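A.B. asks: just coords:
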């Protein structure tokens, strides 16, 4: 019944998708349906994905311990949709059984949704930590994973006080079995199941449509509208759709003037009050959160001059060069290859082609800058220690983020085509969840 309900919800999202930006609201679920969808997805992931991951990483038990208002990043991916935070001290336990399945338990003051079996009766055992010890003893695991990680903040959610309480109550024979949950935690965060991919495509489509609306004459009037006006329009539009942004958007301008490009300013609203003029090349960085999944997109638009019906050929060529860099980069994705290996090979190929690449791609999913393989940072083009050494896995989503610098003779300066499109890496390779920008958006 749960699976059937989820299929119906996915169909509701897919078949009500907007054909244009003005109808985006039609595809967005009411809050009650969103909660049902999220809870069904959580159940499926625990039932179908988690046993496989715990087996692969040889983890017998996984403890996720968190206190209200200081939540572990991972516990937020497991709480019921109606829980906006943990309550008091919430302890979730996953334990592998002999038949290969995983038992899900909550040692908490309240029942934690329908996924977790309540495993603490205060009338029988007033001490919450000793109730945890009793459950551990029942399974007698060889490994007990806790959320501590050097390279991923997402997997480092066990705070000092909670670890102290755990150690103070845990018998000595179990203390030696504590291990870092890092590989399991990262795998849990980065792996997407088919039901998530189905809706992810639609979520990215909504984000694309919001950008298309922002970069249109509906929002922008040349000589009047500022980049900051567009940024706040994006914030208001997302709010009106009952969605959220996971970071403050940025809109920047490159134009035919003597101002050199500043990469850092373009992402930190260093161009926040520029008036938009005909002939400008606009750039946006924008992401939304919906159904616990995040998007991250960068695209470009051109403001037509009087008499123009299309962008200048040199800007269209610049975009094609950016697309060429995307193609080189995504073709190098191979299972088991590290982010640093893919980065090095892609940069070498792109430079040999005459491109001037900067690659800074990151995983995407429950977090915008998510756990998984990092493939460069804009200020670390020689590789990233830790997360860049992590190998690629299938069924993982990435924000394919990069830029290509190119000299524009007509402007007598170098510009950058900064692109970011959301994609999935699976057995077929890398494919974009809702296509990618191959033509400049035009603003009349």
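C.D. replies: That came through, no problem. Predicted model only: the values in this text are computed from it and were never measured.

A.B. asks: In this protein, spot the helix with the most residues.
C.D. replies: Criterion DSSP state H: the longest helix present in the chain is helix 194-214.

A.B. asks: what's that one packed up against?
C.D. replies: Packing partners of helix 194-214 (3 or more C-beta pairs under 8 Å, 6 or more residues apart in numbering; DSSP states H and E): helix 2-15, helix 31-44, helix 227-240, strand 281-286, strand 288-290, strand 293-294, strand 297-303, strand 413-426. C-beta: built from backbone N, CA, C; applies to glycine.

A.B. asks: Quick one: residues in contact with stretch 98-116.
C.D. replies: Residues outside stretch 98-116 that contact it (C-beta atoms under 8 Å, 6 or more residues apart in numbering) are 39, 42-43, 46, 50-51, 54-55, 78-80, 82-83, 87-97, 117-120, 122, 128, 131-132, 135, 139.

A.B. asks: and that stretch, what's its mean pLDDT?
C.D. replies: In this model, stretch 98-116 carries a mean pLDDT of 95.

A.B. asks: same check, this time on stretch 151-159
C.D. replies: Mean predicted lDDT for stretch 151-159 stands at 97.

A.B. asks: Ends of it, what's the gap?
C.D. replies: The first and last residues of stretch 151-159 sit 16 Å apart, counting by C-alpha to C-alpha, to the nearest Å.

A.B. asks: likewise stretch 73-91?
C.D. replies: 14 Å.

A.B. asks: Residues touching it, excluding its own?
C.D. replies: In contact with stretch 73-91 (C-beta under 8 Å, 6+ apart) are residues 34-36, 38-39, 42, 46, 63-69, 71-72, 92, 106-110, 112-115, 128, 132, 147, 153-155, 157, 162, 185, 188-189, 292, 366-367.

A.B. asks: Now go through those residues and say which are in helices.
C.D. replies: Among the contacts of stretch 73-91, the members falling in helices (DSSP H) are 34, 35, 36, 38, 39, 42, 128, 132, 162, 185, 188, 189.

A.B. asks: Report the buried members of the contacts of stretch 73-91.
C.D. replies: 34, 36, 38-39, 42, 46, 63-67, 71-72, 92, 106-108, 112-113, 115, 128, 132, 147, 154-155, 157, 162, 185, 188-189, 292, 366-367 (16 or more other C-beta atoms under 10 Å).

A.B. asks: re the thing from before, of the helices and strands packed on helix 194-214, which is nearest residue 358?
C.D. replies: With C-beta to C-beta as the measure, strand 413-426 is the member of the helices and strands packed on helix 194-214 nearest residue 358 (7.9 Å).

A.B. asks: Between strand 281-286 and the closest one, find me the angle.
C.D. replies: Going by axes from the mean of the first three to the mean of the last three C-alpha atoms, to 10 degrees, strand 413-426 is angled at 40 degrees with respect to strand 281-286.

A.B. asks: Could you number the chain from 448 rather than 1 from now on?
C.D. replies: I'll keep to 448 as the first residue from here, and by that count the last item is strand 860-873.

A.B. asks: distance between strand 860-873 and the chain's centre?
C.D. replies: Strand 860-873 sits 15 Å away from the centroid of its parent chain (C-alpha atoms, centre = their mean, to the nearest Å).

A.B. asks: Ok, stretch 877-889 next?
C.D. replies: The answer for stretch 877-889 is 18 Å, by C-alpha atoms, centre = their mean.

A.B. asks: now stretch 769-786
C.D. replies: On C-alpha atoms, centre = their mean, the centre of stretch 769-786 falls 18 Å from that of its chain.

A.B. asks: Could you tell me the end-to-end distance of it?
C.D. replies: 20 Å.

A.B. asks: can you pull the contacts of residue 517?
C.D. replies: residue 606.

A.B. asks: mind running it again at 10 Å?
C.D. replies: 532, 533, 604, 606, 608, 609 (C-beta atoms under 10 Å, 6 or more residues apart in numbering).

A.B. asks: Many thanks, have a good one.
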